[in-house]
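*Asks:* Fold the following, please.
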Amino acid sequence: MYTVIDPVAIVFYAAVCAGLAAVSPAASDRGRRLAIGAVVGIVAALILPNLRQLVGL
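*Replies:* Numbers count the residues shown, from 1 in each chain. As a prediction, this is how the structure comes out:
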């Protein structure tokens, strides 16, 4: 049995990761990049359900 992956979530998180990758060289050290990535991931996970409801998906 195969699991169907939600394409909306994939596209959303791909966009978030791409945006983060675009600005990550500006963060100087690994710890700062890790912290920024964690915060962005948490915010993205919190925003997606509300964004889906707003758009009606």
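
*Asks:* So what's the residue count around G37?
*Replies:* 16 (other CB atoms under 10 Å). All C-beta atoms are positioned from the backbone trio N, CA, C, and that covers glycine.

*Asks:* Let me fix that, I meant to ask about A14.
*Replies:* A14: 10 surrounding residues under other CB under 10 Å.

*Asks:* Need the phi and psi values for A14.
*Replies:* phi -60, psi -40 (degrees, to the nearest 10).

*Asks:* From R32, how far out is it?
*Replies:* Separation of A14 from R32 (CB to CB, to the nearest Å): 23 Å.

*Asks:* Over to A21?
*Replies:* Note on A21: its distance to R32, by CB to CB, is 15 Å.

*Asks:* Mind giving me the packing neighbours of whichever strand or helix holds A45?
*Replies:* Here A45 is covered by helix 30-55, with elements defined by DSSP states H and E. On a contact count with 3 or more CB pairs under 8 Å, 6 or more residues apart in numbering; DSSP states H and E, helix 30-55 meets helix 7-23.
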